[in-house]
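Colleague: need the 3D shape of this:
(one chain, ligands or ions: 1)
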Amino acid sequence: MATSTTKTGAPLDRATFESLLRRRLFYTPAFEIYGGEKGLFDYGPPGCALQNNLVDIWRKHFVLEEDMLEVDCTQITPAAVFKTSGHVDKFADWMCKDPKSGEIFRADHLVEQVLEARLKGDKEARGQTVEIDQAKDAKRKKKKVKDVQAVQLDDAVVKEYEETLAKIDNYGGEELGQLIKKFDIKSPETGVDLEPPRAFNLMFQLTIGPSASTPNGYLRPETAQGQFLNFQKLLEFNQQSMPFASASVGKSFRNEISPRSGLLRVREFLMAEIEHFVDPESGKRHPRFAQVKDTKMTLLNRNVQLEGSTKAEELTIGEAVASKLVDNETLGYFLARIQMFLLRLGVDYSKLRFRQHMANEMAHYAADCWDAELRTSLGWIECVGCADRSAYDLTVHRNKTGASLFVRETRAEPLKIEEYQVDIDKKRFGPKFKKDAKAVEQAVEALSQELREKMSLELEKEGRITLDVPAVGNGKVELEKDLVKIEKRTRVEHVREYTPNVIEPSFGIGRILYSLIEHVYWSRPEDDARGVLSFPPPVAPTKVLLVPLSGSDDLRPYLQQLTYKLRRMGISSKIDDSSASIGKRYSRNDELGTPLGITVDFQTVKDNTVTLRDRDTTSQVRASEDEICAAAKAIVDGEETWEDVAKRLPKFEGQEVD
Ligand SMILES: Nc1ncnc2c1ncn2[C@@H]1O[C@H](COP(=O)(O)OP(=O)(O)OP(=O)(O)O)[C@@H](O)[C@H]1O
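Modeller: A predicted model of the protein is given here:
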């Protein structure tokens, strides 16, 4: 478990942090008055505003800046789609049942938790400092889970546990079963042996329409399939021009075995996905790769993990692609753009890494896959997946439906192809083979170039060839020289047909949102350790707090005027005219991450000046209402920083004294 610190370097107290999020209604368990339902959460006003801002920035960063084609596809999906895509057979996690209590555990998470707990116990026994997660600890006590035993392990066992944890995402069901046996892992509930791991499909099944007698659909577990199925229409919309990308933001649903860790593993969540379609013969080069090639990134490659280590290295994406660590330029381009997006949101670079998937972890068709992981008090969390899915999805849907999910392109230079061509003498063929003529003809047409070459020589030498045609007679058919000709000729191809490959960056908005809040959270020791959320201004849920210095009626019109003015400028604001001290009102809004505060006081009545306060430094400037609104706009739009504004407007050392 990662030791987690806030941006000031102080340890993050997760219990206080989570209580802030719930108290200030960032999010709350859904259906709470009915006892709640695991893995389902509602977002309150600041959570909604924050989520909207993340999605808004995502749209600007990707859809707008990369000129992508956004689509909004349905969540209800006919079963046939997921049968073809492989989700019905493969979209599953491994679960273990406690035969005594009936409790279900996700097998990989159970192994992970038990080994981590044992390693923690080992550290304690060796007298090393161990981070205590108060929130987890309180839950454990409530559930009466036995405390972790401070037992020292052999060095070899510690090494084996650490190596297993480094590869935990790489194990299948059988291997997890072996690990459970090998490490003597029992049910944490009752202490009995668990049943062997079984696959559990994560899709929610549906019955669409009143006439269906059995389930015939699913809620989508990702937005991707809708984008693939619309490929042909999007290509046409894009005037047949390649490469291009589609994008989609929408809810996805996964029936997680054991939802946990708040927003990090839920059963309904917002995803933002991109499908970038690229010609595989282009070497997957990207025209703007040169613009990102010097971006430094922290990369944890698959070989390091397979050796049982989690040591990442910092490289430029240019170096990573040149050494083939990252498979191709397009994948590298998106990894760099994902990092830029996360940093734009306020993610802490030192708590961001890109982890490469190990072979077993990756779908069999994928060429390469990297996860952007953010470090939180709950460890490293996958927040964005970025996979090169090759031509898999378009190919399987094309094969199943016959739809033209491919590209036809006129070649700039016609292509001359030397190949063996077959001519059949149809006048003789029909009378000779009668009802079998079609099957024999198909078998001849299906011959590979290699076999055609071999048979053309045979025809020349022997005057006949023998062909395998299982559907006819004894499965062998003889063809003489007068029936069939096989010759090497040149064919000129003017049009090229190919199935594009797909690079897919896939963002879990809820995971990013939670991890980001942890990254920007800190507390002010001088203010009763009250929390502050230092969101970058463009990301913050509300931009400006308006506070009157007193409840005097004289100040009210100025507040109204400021509200209208800010609203017209597209800046969200909230008035706090409660009777709490001005310092309290400020700190309540620091907890919500409001970056700016405008105070109206009696000087305002005299000269129409107001003060502007910065959340992070608590310093203030004073200027005319117009100048302050313009400064707020520049900060909120990310065009100026507080430092810029503080340099050009007069400093104010005023009211913040209570
Ligand atoms: N249950 C979930 N709750 C919240 N977000 C999720 C959940 N499952 C996936 N995501 C988000 O969707 C993104 C893309 O999904 P993907 O299928 O790659 O995840 P995954 O590899 O199945 O995740 P995990 O291994 O953690 O279950 C993830 O990077 C994550 O941000």
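
Colleague: list the beta-bridge partners for the residue of the chain found nearest the ligand.
Modeller: The ligand sits closest to Gly508 of the chain, with a gap of 2.0 Å, by Cβ to the nearest ligand atom. Where C-beta positions appear, they are placed from N, C-alpha and C, glycine not excepted. Gly508 forms beta bridges with Met271, as assigned by DSSP bridges.

Colleague: isn't it up against Val384?
Modeller: Yes - in this structure, Gly508 is within contact of Val384 by Cβ atoms under 8 Å, at 7.2 Å.

Colleague: for this structure, which helix is longest?
Modeller: In terms of residue count, the longest helix belonging to the chain (DSSP state H) is helix 107-125.

Colleague: and that one, does that touch the ligand?
Modeller: No - residues of helix 107-125 are not located near the ligand by Cβ under 6 Å from any ligand atom, the shortest gap being 8.9 Å.

Colleague: rounded mean pLDDT for that helix, please.
Modeller: Averaging pLDDT along helix 107-125 gives 91.

Colleague: if you count contacts, what does that helix end up packed against?
Modeller: strand 92-97, helix 155-166, helix 173-182 (3 or more Cβ pairs under 8 Å, 6 or more residues apart in numbering; DSSP states H and E).

Colleague: go with 10 Å
Modeller: In terms of contacts (3 or more Cβ pairs under 10 Å, 6 or more residues apart in numbering; DSSP states H and E), helix 107-125 is packed against strand 92-97, strand 104-106, helix 155-166, helix 173-182, strand 198-201.

Colleague: list the buried residues in it.
Modeller: Neighbour-count burial for helix 107-125 flags 107-124 (criterion: 16 or more other Cβ atoms under 10 Å).

Colleague: report the angle between it and helix 155-166.
Modeller: Relative orientation of helix 107-125 versus helix 155-166 (axes from the mean of the first three to the mean of the last three Cα atoms, to 10 degrees): 140 degrees.

Colleague: what residues does this structure put near the ligand?
Modeller: Counting by Cβ under 6 Å from any ligand atom, the residues of the chain that sit close to the ligand are 254, 256, 265-266, 269, 271, 382-385, 506, 508, 510-511.

Colleague: in strands, which of these appear?
Modeller: 269, 271, 382-385, 506, 508 (DSSP state E).

Colleague: quick check: PyMOL command selecting the buried ones in those residues.
Modeller: Buried members of these, defined by 16+ other Cβ under 10 Å, are picked up in PyMOL with:
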select buried, resi 269+271+383+384+385+506+508
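
Colleague: longest strand in this protein, by residue count?
Modeller: What stands out as the longest strand in the chain, according to DSSP E, is strand 407-424.

Colleague: picking that back up, surely the residue of the chain closest to the ligand touches Glu268?
Modeller: No - using Cβ atoms under 10 Å, Gly508 is not in contact with Glu268, being 11.7 Å away.

Colleague: common neighbours of the two, please.
Modeller: Ser252 (Cβ atoms under 10 Å, 6 or more residues apart in numbering).

Colleague: follow-up on the earlier one: need the residues touching each of Gly508 and Val384.
Modeller: 272-273.

Colleague: strands of the stretch 501-650 of the chain, residue ranges please.
Modeller: With DSSP state E, counting those that start in this stretch applied, the stretch 501-650 of the chain shows strands at 501-508, 521-524, 530-533, 544-548, 573-575, 596-600, 609-614, 620-624, listed in chain order.

Colleague: I'd like the average pLDDT over the longest strand of the chain.
Modeller: For strand 407-424, the per-residue pLDDT averages 92.

Colleague: packing partners of it?
Modeller: Partner elements for strand 407-424 (3+ Cβ pairs under 10 Å, 6+ apart): helix 231-237, helix 437-445, helix 449-462, strand 484-498.

Colleague: among the ones you listed, show the one with the smallest mean pLDDT.
Modeller: Among the helices and strands packed on strand 407-424, helix 437-445 carries the lowest mean pLDDT (a mean of 89).

Colleague: so the closest residue to Arg126 other than its chain neighbours: helix, strand or coil?
Modeller: Once flanking residues are discounted, Arg126 sits nearest to Gln152: 6.0 Å by Cβ to Cβ, 6 or more residues apart in numbering. Each residue gets one of three states, and Gln152 gets coil by DSSP: H, G, I helix; E, B strand; the rest coil.

Colleague: wait, doesn't Gln152 sit right on Lys120?
Modeller: No - if you go by Cβ under 10 Å, Gln152 and Lys120 don't touch, sitting 12.0 Å apart.

Colleague: and the residues of the chain next to the ligand, which two are the farthest apart?
Modeller: Largest separation among the residues of the chain next to the ligand by Cβ to Cβ: Glu256 and Val384, giving 18.5 Å.

Colleague: in a strand, Met297, correct?
Modeller: Yes - Met297: assigned to a strand according to three-state DSSP.

Colleague: from Glu66, how far out is it?
Modeller: 19 Å (Cβ to Cβ, to the nearest Å).

Colleague: more crowded one of the two?
Modeller: Neighbour count, other Cβ atoms under 10 Å: between Met297 and Glu66, Met297 has more, with 25 against 16.

Colleague: got a list of what Glu413 touches?
Modeller: Taking Cβ under 10 Å, 6+ apart as the test, what Glu413 contacts is His494.
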